[in-house]
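In: Pasting the sequence and the predicted coordinates here, then a few questions.
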Amino acid sequence: MMKITSIWDIFLHHRNISLSEKFFLKRTKGIDFKTVCERNIDNSEDDVLDLENMNDSPLAFLDQQVILKILPVEKPYEGLTGFPNGYFSADLSPFENYALSKHLFEKYNFELFGIGASFLGFIKNEKLEENKVTELIADLAKLYNTTESEFDKLAEIIKDKNHLFLRYTE
């Protein structure tokens, strides 16, 4: 925790946040949803089952200890600017997660609310309309390098939910 002793400390603290955010955003240039899909994250039968289970009963997958980091951002996907640490090379990078989160927000109004060791958590105020569920499944098939029919059960699960959990690891 930063000890603030003067208005100058507050200014410097906010300036550092601003500089790190600018650095992060600079690294996201040229990365969009199409670029993220080109990573070809493979999806095994177990991975599909994990997505189904996580989206059906997310509380069953929470760790005993949950750590919160609250960041002042304008858009939900900008929260990723506070987590620029590296990942394994086969996983989506923080910058690719940013592009994915931005896409889900702009196209489906899903707001990023959590980042776990393997999953990103999204929430929205209302359920998806049926045509948007179909579009989302098409996007997920592109993201995970598989067919839309692979996600038939997931479509049934998420159509009645206002949350979405997606794996960003290999």
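Out: Thanks, I have it. Numbers count the residues shown, from 1 in each chain.

In: so where is this protein shaky, pLDDT-wise?
Out: Filtered on pLDDT under 70, the chain yields the residue ranges 1-19, 84-87.

In: how about a cut-off of 80?
Out: 1-25, 42-43, 62-64, 66, 68-72, 82-89, 170 (pLDDT under 80).

In: All the strands of it, in order from the start?
Out: Assigned by DSSP state E, the strands in the chain fall at 111-115, 119-123, 163-167.

In: show me where this protein has helices.
Out: 7-27, 33-37, 45-56, 94-108, 130-143, 152-158 (DSSP state H).

In: Go through the ones you listed and name the closest to I123.
Out: Closest of those to I123 is helix 94-108, at 10.7 Å (criterion: CB to CB). No exception for glycine: its C-beta is placed from N, CA and C like everyone else's.

In: Determine how far the closest one lies from the middle of the whole chain.
Out: 7 Å (CA atoms, centre = their mean, to the nearest Å).

In: Which elements pack onto that helix?
Out: helix 7-27, helix 33-37, strand 111-115, strand 119-123, helix 130-143 (3 or more CB pairs under 8 Å, 6 or more residues apart in numbering; DSSP states H and E).

In: Save the strands of the chain as JSON lines, and put in distance to L136 and mean neighbour count too.
Out: Output for these, formatted as JSON lines (distance: least, CB to CB, whole Å; neighbours: other CB atoms under 10 Å):
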{"stretch": "strand 111-115", "distance to L136": "15", "mean neighbour count": "18"}
{"stretch": "strand 119-123", "distance to L136": "11", "mean neighbour count": "20"}
{"stretch": "strand 163-167", "distance to L136": "8", "mean neighbour count": "21"}
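
In: To D56, which of the ones you listed lies closest?
Out: strand 163-167 (9.8 Å).

In: still on that earlier bit, in JSON lines: the helices and strands packed on helix 94-108, plus distance to E150.
Out: JSON lines is the format used below for those (distance: least, CB to CB, whole Å):
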{"stretch": "helix 7-27", "distance to E150": "31"}
{"stretch": "helix 33-37", "distance to E150": "15"}
{"stretch": "strand 111-115", "distance to E150": "24"}
{"stretch": "strand 119-123", "distance to E150": "18"}
{"stretch": "helix 130-143", "distance to E150": "7"}
